[in-house]
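[1] Need a 3D model of the sequence below.
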Amino acid sequence: MQQIITIFNIFILYGDNFLHNDHCYDELYYEIIRMHIVFDNLNSFATVMNKLFCTPMNHFFVLYDT
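    Now for the predicted structure:
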């Protein structure tokens, strides 16, 4: 998942350097905005996972189970 986020960040930050023209860059932004539900779900998933694994008590349970 981290690799996907890194790829998106590269396209957003440096896309104008390797995309063919401004139209391609605009389409990239359009598609990201159009597919906002995917990014909203990814953010929700990351929030839940962060709460699940970053609390001290759950951290000890995960270590104890392994």
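[2] From the contact counts, what lies against whatever helix or strand I5 lives in?
    Secondary structure assignment for I5, by DSSP states H and E: helix 2-18. Judged by 3 or more C-beta pairs under 8 Å, 6 or more residues apart in numbering; DSSP states H and E, the packing partners of helix 2-18 are helix 22-34. Every residue, glycine included, has its C-beta placed from N, CA and C.
[3] Tell me which helix or strand comes right after the helix it packs on.
    helix 36-54.
[4] Give me the mean pLDDT for that next one.
    Average pLDDT, helix 36-54: 84.
[5] Buried ones in it, by neighbour count?
    Within helix 36-54, no residue qualifies as buried by neighbour count (16 or more other C-beta atoms under 10 Å).
[6] what's the spacing between E31 and D40?
    Using C-beta to C-beta, to the nearest Å, E31 is found at 15 Å from D40.
[7] Ignore what I typed, I meant Y25.
    23 Å.
[8] cool, M49 as well?
    Where D40 is concerned, M49 sits at a distance of 15 Å (C-beta to C-beta).
[9] what's the answer for I12, then?
    17 Å.
[10] do C24 as well
    Distance from C24 to D40, by C-beta to C-beta: 25 Å.
[11] same check, this time on F11
    19 Å.
[12] Repeat that for Y14.
    Distance, Y14 to D40, by C-beta to C-beta: 24 Å.
[13] again, but for N21
    Relative to D40, and taking C-beta to C-beta, N21 is found at 29 Å.
[14] Just give the number of residues close to I32.
    By other C-beta atoms under 10 Å, 14 other residues sit near I32.
[15] list the contacts for it?
    Shown in contact with I32 (C-beta atoms under 8 Å, 6 or more residues apart in numbering): 8, 12, 39.
[16] Tell me the spacing between N50 and I33.
    25 Å.
[17] sorry, that was for Q2
    22 Å.
[18] out of those two, which sits in the busier spot?
    The neighbour comparison of Q2 against I33 (other C-beta under 10 Å) goes to I33, with 9 against 6.
[19] what sits against the more buried one?
    Here I33 is in contact with no residue (C-beta under 8 Å, 6+ apart).
[20] what's the pLDDT at it?
    Predicted confidence (pLDDT) for I33: 86.
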